[in-house]
Each structure stands twice: as C-alpha cells, then as structure tokens.
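Undergrad: coordinates for the following, if possible.
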Amino acid sequence: MIKEPNREYELKLMLSEEEYINIDTLFTGSTITQVNHYFDTPGFDLYKKKIVVRLRQKKNTSEITVKTANPGTTDEGIVDMVERTIKIDKREAGLLLEGKIRIAMYLLAYADLPNDDLIEIGEIATTRKIIILDKKLPPAELDKNIYGGITDYELEWELDEMDYGKARDALMSIGLILEGRLTGLSKYGRLVKSLMKGNR
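TA: This next block holds a predicted model:
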C-alpha cells in the first residue's frame with residue numbers, strides 16, 4: 001500500500017551518552033525497536049543527491065520509504081524532507097533482504113531515482129523511546145543507534161515550522177543547547193561516513 005507523500009520537518013540533534021541517559025531518566029515513554037536497511041548504488045549516488053531509500057522493520061510492520069530533501073531550510077538542526085512510503089508484508093521484506101526480489105520493483109514510479117543497481121548498503125538497529133518534552137507540542141523521539149560497531153545517540157522531533165522556537169525553548173529547559181552541537185545529521189549519512197572509514 002502506497003501512502004501519500006508527506007513533508008517531514010524534523011529537528012535532529014546528536015547527544016552524548018551522558019545526555020541520553022539523563023533524558024532517559026527524566027521522561028517516561030513507550031519504547032520501539034526497529035531496524036533500518038539502507039539501499040544505494042555501490043558509488044553512493046543517492047547519498048550524493050540527498051536521497052534516502054530504506055526498508056524499516058518493526059515488530060509487526062515493514063515499509064519502504066523514499067526521502068528527498070527540500071532545499072532552502074535555514075533553521076538550525078532542521079532536516080526538511082519529502083517522504084514517500086510503501087507498506088509491505090513481512091514475507092516480502094524477507095525476500096527483499098535475501099535478494100530474491102529487488103527493491104527497484106517498488107521504485108518504478110519514482111523517475112528521480114537511479115534504481116537499476118541499488119543494493120543494501122548497511123543497516124542501523126535503533127531503540128527508540130517516544131517522550132513528551134512539551135505538552136503543547138508533538139512527542140519527540142529519543143534514539144540509541146547501533147551500526148558497524150558504533151553506538152550513537154540522538155533526539156529527533158517532528159514539528160510544524162511555527163513550533164520551532166517553542167521546541168528550542170523546551171530543549172534549553174533540560175540543558176540542551178543547539179549552538180555548537182552536531183545537528184541535522186541523518187542516520188543514513190552517519191552510516192555512509194562510517195562505511196567510508198571502513199566500519200562494517
């Protein structure tokens with residue numbers, strides 16, 4: 001089932017392990033585990049064009065998502081993307097990861113994708129906690145990610161543009177300042193950089 005494209009305007013900031021643990025103890029929330037499998041050409045052509053193609057597996061769901069960047073975003077720490085999602089069943093996901101079917105067959109409608117030679121580049125396992133930082137704003141996502149022998153931590157917060165200032169204030173109230181911090185880094189971008197350094 002193909003879902004309508006939607007805009008993802010998301011605040012993303014990297015956390016230290018100490019900050020992650022502190023936030024984790026401050027807030028209660030539901031926990032989700034997921035694995036993202038990323039696809040690209042052997043030369044990372046999609047990455048160079050700021051396009052992400054992933055298969056996300058959760059306990060009971062699998063979906064293919066294509067993300068393309070919206071140009072012109074200036075807010076610090078914001079990733080602004082158009083997201084298109086195709087839900088598939090567990091068996092399809094298994095066949096896809098085994099190489100028995102190609103992800104390109106799901107992407108034929110996307111003329112902007114060089115999908116002829118897409119292969120699985122790598123995966124990231126994420127433990128995600130859904131937390132409320134401000135009752136007037138949507139929930140945020142506190143992530144612990146593992147890939148290629150690396151563990152990192154981040155906070156992602158999908159917002160309306162008009163709520164950006166309120167979100168910054170909420171982060172400041174728990175000691176998280178955006179200035180001077182690694183922000184706006186995608187999971188796939190971090191995976192690619194780790195692969196380029198030889199982490200597999």
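Undergrad: from V52, how far off is the residue nearest the centre of the chain?
TA: Centrality entry for the chain: nearest residue to the mean C-alpha point is K187, 5.2 Å, by Cα atoms, centre = their mean. K187 sits 9 Å away from V52, going by Cβ to Cβ, to the nearest Å. Just so you know, the C-beta spots here come from the backbone N, C-alpha and C atoms, and that holds for glycine as well.
Undergrad: and F44, backbone torsions?
TA: Here is the backbone geometry of F44 (degrees, to the nearest 10): phi 60, psi 40.
Undergrad: now the residue lying closest to it once chain neighbours are set aside: which helix or strand?
TA: Nearest in space to F44, with sequence neighbours left out and distances taken as Cβ to Cβ, 6 or more residues apart in numbering, is V192 at 5.9 Å. Assessed by DSSP states H and E, V192 sits inside helix 187-196.
Undergrad: hey, which helix or strand in the chain has the poorest pLDDT?
TA: None of the helices or strands of the chain scores lower by mean pLDDT, DSSP states H and E than strand 6-15, at a mean of 85.
Undergrad: distance from that one to the middle of the chain?
TA: Chain-centre distance of strand 6-15: 8 Å, with Cα atoms, centre = their mean, to the nearest Å.
Undergrad: which element follows it toward the C-terminus?
TA: helix 17-26.
Undergrad: quick one: contacts for the closest residue to the residue nearest to the centre of the chain other than its chain neighbours?
TA: Sequence neighbours aside, I124 is the residue nearest to K187 in space, at 5.3 Å (criterion: Cβ to Cβ, 6+ apart). Each residue near I124 by Cβ atoms under 8 Å, 6 or more residues apart in numbering is listed here: 35-36, 38, 145-147, 187, 191.
Undergrad: partner strands of the helix or strand hosting I124 and their direction?
TA: Using DSSP H and E, I124 sits within strand 119-131. Looking at strand 119-131 with DSSP bridges, its partner strands are strand 31-40 (antiparallel), strand 140-147 (antiparallel).
Undergrad: pull out the buried residues from stretch 188-200.
TA: Neighbour-count burial for stretch 188-200, counted by 16 or more other Cβ atoms under 10 Å, picks out 188, 190-192, 194-195.
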